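S.K.: Kindly return the folded structure for what I paste below:
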Amino acid sequence: MNKTSNGPMKIILKILQGALIGLGAVLPGISGGVLCVIFGIYKPVMEVLSNPLKTFKTHIPPLIPVIIGMGIGFLGIAKILAFVLNTYPNQSVCVFVGLIGGMLPSLFREAGEKGRTKGSYISLFIAFFVILTILVTLTLASYNIIPNFGWYLFCGFCLALSVIAPGMSFSTLLMPLGLYTPFVDGIGNFDFGVLIPAGIGAVITVILLAKLINMLFDRFYSIAFHAIVGIVIAATIVIIPFSSFAESASMCAANSICLILGIIAALLLDRFNQKVMKD
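M.R.: The predicted model follows:
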């Protein structure tokens, strides 16, 4: 396949990746940042967020199809899949668990691109146990709060964090607090009472944390990336609907099939991604 014929395929693939990232930003338990890492665009995204003026000309043009796809996934396809998630919650989650699990080999491969050290594995296990503890605690907690300007600032913080810190799904953080539904509804209805404070919270988070995380990747690539692997594994384990597997034989079979389909789709997508995106 020549470069000319690869062009449209690359654009379509990037739009598809962006759509999945957009979906990951709204669906419970999925992290848009994780998918950015899996699709190999996490670092350029972080570089744009860290130095937007310096990287605008070199980074933004290749990311335009991804940004378009994110809009499609976030505002369009997400609504359809959100309905599916509500109708078939366990099977839908199992598909996404399979997708993320199937992408772990490529993620681990990317983490070892610059070599591995003992510190790399230590960071992986530390990140795994820390994030697993946090997410399990949030899942088990049950707080009922009234959304207001301050809480929507917090929602914006969580949304930005889910991009710059892969594995930290904002929905996982907000659902135990009862903020997920009003926040997503506010975004879908273009409620400026939600959008303005959330936007402020997201911008502040990016300004404070994006450069720090980008610096960690520049100086400690292997350690930082292996920590992300640990975060991804922990976040994936938390969203597995273990109890549903024991409900009935048919439920167990349906969940297992969806899990396998997700893994197969992820492996095929990774293979296709390597073939088409290789320059």
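
S.K.: Show me the contact partners of stretch 48-66.
M.R.: Stretch 48-66 is contacted from outside by 11, 14-15, 17-18, 21, 41, 44-45, 47, 164, 206, 210-211, 214, using C-beta atoms under 8 Å, 6 or more residues apart in numbering. All C-beta atoms are positioned from the backbone trio N, CA, C, and that covers glycine.

S.K.: ugh, wrong one, I meant stretch 185-202
M.R.: 75, 79, 149-150, 152-157, 159-160, 182-183.

S.K.: let's see 10 Å
M.R.: Residues outside stretch 185-202 that contact it (C-beta atoms under 10 Å, 6 or more residues apart in numbering) are 25-26, 74-75, 78-79, 82, 147-164, 170, 182-184.

S.K.: So which of those residues are in helices?
M.R.: Members of the contacts of stretch 185-202 lying in helices (criterion: DSSP state H): 25-26, 78-79, 82, 149-164, 170, 182-184.

S.K.: If burial is judged by neighbour count, which of those residues pass?
M.R.: Neighbour counting over the ones in helices among the contacts of stretch 185-202 (16 or more other C-beta atoms under 10 Å) leaves 25-26, 78, 82, 151-164, 170, 182-184 as the buried ones.

S.K.: neighbours around Gly32, how many?
M.R.: For Gly32, the count of nearby residues is 27 (other C-beta atoms under 10 Å).

S.K.: which residues touch it?
M.R.: Residues in contact with Gly32 (C-beta under 10 Å, 6+ apart) are 18, 20-26, 45, 70, 73-74, 159, 162-163, 166, 168-170.

S.K.: Repeat that for Met70.
M.R.: Listed by C-beta under 10 Å, 6+ apart, the contact partners of Met70 are 15, 17-25, 32, 36, 63.

S.K.: and the two most separated of those?
M.R.: Greatest spatial distance in the contacts of Met70: Leu23 and Leu63, 17.4 Å, computed using C-beta to C-beta.

S.K.: right, and Met103 touches Arg271 too?
M.R.: No - using C-beta atoms under 10 Å, Met103 makes no contact with Arg271, being 11.4 Å away.

S.K.: more crowded one of those two?
M.R.: Each of Met103 and Arg271 has its neighbours counted (other C-beta under 10 Å); Met103 has more, 26 against 11.

S.K.: give me the element that one is part of.
M.R.: Element membership of Met103, judged by DSSP states H and E, is helix 89-111.

S.K.: go on, Met70?
M.R.: Assigned by DSSP H and E, Met70 belongs to helix 52-71.

S.K.: so where is this protein shaky, pLDDT-wise?
M.R.: Across the chain, the ranges flagged by pLDDT under 70 are 1-6, 27-31, 77-82, 85-86, 139, 141-144, 166-169, 171-173, 175-176, 273-279.

S.K.: go again using 90 as the cut-off
M.R.: 1-115, 131-148, 155, 157-195, 202-203, 205-221, 224-225, 227-248, 262-263, 265-279 (pLDDT under 90).

S.K.: how near is Gly186 to Gly150?
M.R.: 15 Å (C-beta to C-beta, to the nearest Å).

S.K.: Would you enumerate the residues in contact with Ser248?
M.R.: Ser248 sits next to Ala254 when contact means C-beta under 10 Å, 6+ apart.

S.K.: And for Val95?
M.R.: Listed by C-beta under 10 Å, 6+ apart, the contact set of Val95 reads 81, 84-85, 88, 255, 257-263, 265-266.

S.K.: List the ones among the residues you listed that fall in helices.
M.R.: The helices, defined by DSSP H, take in 81, 84-85, 255, 257-263, 265-266 from the contacts of Val95.

S.K.: and which of those residues is nearest to Ser222?
M.R.: Relative to Ser222, the closest of the ones in helices among the contacts of Val95 is Ala266; by C-beta to C-beta it sits at 23.4 Å.

S.K.: wait, the closest one sits on Ser106?
M.R.: Yes - with contacts counted by C-beta under 10 Å, Ala266 reaches Ser106, the gap being 8.5 Å.

S.K.: who touches both of the two?
M.R.: Common contact partners of Ala266 and Ser106 (C-beta under 10 Å, 6+ apart): Ile38.

S.K.: And Gly32, how close does it get to Gly18?
M.R.: 10 Å.
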